[in-house]
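Trainee: Structure for this input, please:
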Amino acid sequence: MKYEAGSPQDGRGRDLEESMPTKRSQSPTYWKLRRYFQPKKCGALKCSKEALEMYKTDEGKEKLRSLLKEHGDFKTLEMEVKKWNRKTLSKLKQGGWYTKHYLISECHWTKAMVAAAWEWARNHGRLRVNKIHQEEEAWLVLSESFQLADETGQEIDLRGTLEAEDDSGFLLGNDLPGIDGSATDLALATSGTTNVGEGAAVTCGAASFTIIFPSLAQNAAPTSILAGFIEVLGRKIDSCEDVIERLDDQSGARAKELKDQIVLNLKVMKGYYKDLTKKQSDSLCTVVDKSYAEITKQDVVINNYIVRSKSVKKGPSSKAAGAPKGSKGRSSKEKAKRSKKAKGCKRLD
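Mentor: Now for the predicted structure:
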């Protein structure tokens, strides 16, 4: 670095004017801004992109210094930056494949305009014959627009994360066809419905009897939910057996009646379970809608009995069943009376 003759320098070869600290460098606000806008060691930034763009200019630095003095913290400063500096410029083009009839009837183009558009599309290879209605179409841009917005407002960003286990890959699966798919694939795609062919059991609570059977989609085959249906049915059978074991420990006519009803329905459910597992092992493609309906009806009945069994209270213990209350007290009183009578008779003698 060259210095002019007579220019005062310090021991390091710098001009004294450069080495002397300025008033701005001594300001605490300046150093706060400098530390905030300097990237971390890993390269990450503490500030937002909008604030960093402002910090690159002298005018923006002064604006940031005044905002920091006014609000006192960088969180409010960032909100004020987004509120103060938000300008958007959007450009929009709309177009697609159009026939001559559409341009004349809907867009109100003249025949000369349509002829010029067809000539341009032919020169640029933008003509095709539609496979569906067999009419010639041209790839045209019908409108171009732009919008410049200078907005003033306040923006708050909220972010969150969610962790989920997806062993079957259902969340990453894509049932919709691609944008370049054929017309047949687009026509067969069912929007608004989900494929439950690999439907898993849906639980509504901790108890297994609250598990819901998978529902059948409109265009899905009944065999597509067979595996999930068998899984739910097996859990419901296990839950019913637990309820039966609990009712065995309770005495009373009501508990016995509920237990008999649950055992009767459980026997029917086990028969359906055996039937469905046989169909699954044989890989039959027969319609099983009737079996699903019967199992669902049976499930409603058995759920009612399970709910009623919760209110059954335990009966009296077996020890107290041998003798009624107060029998011990009565026998002791009678013995005392007899002993008094015997003593009185001895005195008379």
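Trainee: going forward, measure contacts and count neighbours with C-alpha atoms only.
Mentor: OK.
Trainee: Show me what the lengthiest strand in the chain is in contact with.
Mentor: Under DSSP state E, the strand in the chain containing the largest number of residues is strand 136-150. Under the criterion Cα atoms under 8 Å, 6 or more residues apart in numbering, residues 86-100, 117-118, 121, 126-130 lie in contact with strand 136-150.
Trainee: could you redo the last one with a cut-off of 7 Å?
Mentor: Outside strand 136-150, the residues that touch it by Cα atoms under 7 Å, 6 or more residues apart in numbering are 86-99, 118, 121, 126-130.
Trainee: Kindly report the same for stretch 102-114.
Mentor: Under Cα under 7 Å, 6+ apart, the answer for stretch 102-114 is Lys100.
Trainee: Span of it from start to end?
Mentor: 10 Å (Cα to Cα, to the nearest Å).
Trainee: Any stretches of the stretch 101-250 of the chain with poor pLDDT?
Mentor: For the stretch 101-250 of the chain, the stretches with pLDDT under 70 are 152-162, 164-179, 181, 183-211, 217-221, 223.
Trainee: quick one, helices of it?
Mentor: Counting by DSSP state H, counting those that start in this stretch, one finds helices in the stretch 101-250 of the chain at the ranges 111-123, 183-188, 226-248.
Trainee: Tabulate the CA atom coordinates of the longest one in CSV.
Mentor: Taking Å, rounded to 0.1, in the frame of the first residue of the first chain, the C-alpha atoms of helix 226-248 are listed here in CSV:
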residue,chain,number,x,y,z
LEU,A,226,-58.7,-58.2,4.3
ALA,A,227,-55.5,-58.1,6.2
GLY,A,228,-56.4,-55.0,8.3
PHE,A,229,-59.9,-56.5,8.9
ILE,A,230,-58.4,-59.7,10.3
GLU,A,231,-56.0,-57.8,12.5
VAL,A,232,-58.8,-55.7,14.1
LEU,A,233,-61.0,-58.8,14.5
GLY,A,234,-58.3,-60.6,16.3
ARG,A,235,-57.7,-57.7,18.7
LYS,A,236,-61.4,-57.6,19.5
ILE,A,237,-61.5,-61.3,20.3
ASP,A,238,-58.6,-60.9,22.7
SER,A,239,-60.4,-58.0,24.4
CYS,A,240,-63.6,-60.1,24.8
GLU,A,241,-61.6,-62.9,26.4
ASP,A,242,-60.1,-60.4,28.9
VAL,A,243,-63.6,-59.2,29.8
ILE,A,244,-64.8,-62.8,30.3
GLU,A,245,-61.9,-63.4,32.7
ARG,A,246,-62.8,-60.3,34.7
LEU,A,247,-66.4,-61.4,34.9
ASP,A,248,-65.4,-64.8,36.2
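Trainee: Keeping just the C-alphas, turn whatever helix or strand Leu68 lives in into PDB.
Mentor: According to DSSP states H and E, Leu68 maps onto helix 58-71. As requested, the backbone C-alpha atoms of helix 58-71 are provided in PDB (Å, rounded to 0.1, in the frame of the first residue of the first chain):
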ATOM      1  CA  ASP A  58     -25.200   2.900   4.800                       C
ATOM      2  CA  GLU A  59     -28.800   4.000   4.800                       C
ATOM      3  CA  GLY A  60     -30.000   0.600   5.900                       C
ATOM      4  CA  LYS A  61     -27.500   0.600   8.800                       C
ATOM      5  CA  GLU A  62     -28.700   3.900  10.100                       C
ATOM      6  CA  LYS A  63     -32.300   2.600   9.900                       C
ATOM      7  CA  LEU A  64     -31.300  -0.500  11.800                       C
ATOM      8  CA  ARG A  65     -29.500   1.500  14.500                       C
ATOM      9  CA  SER A  66     -32.500   3.800  15.000                       C
ATOM     10  CA  LEU A  67     -34.800   0.800  15.200                       C
ATOM     11  CA  LEU A  68     -32.600  -1.000  17.800                       C
ATOM     12  CA  LYS A  69     -32.400   2.200  19.900                       C
ATOM     13  CA  GLU A  70     -36.200   2.500  19.700                       C
ATOM     14  CA  HIS A  71     -37.200  -1.100  20.600                       C
END
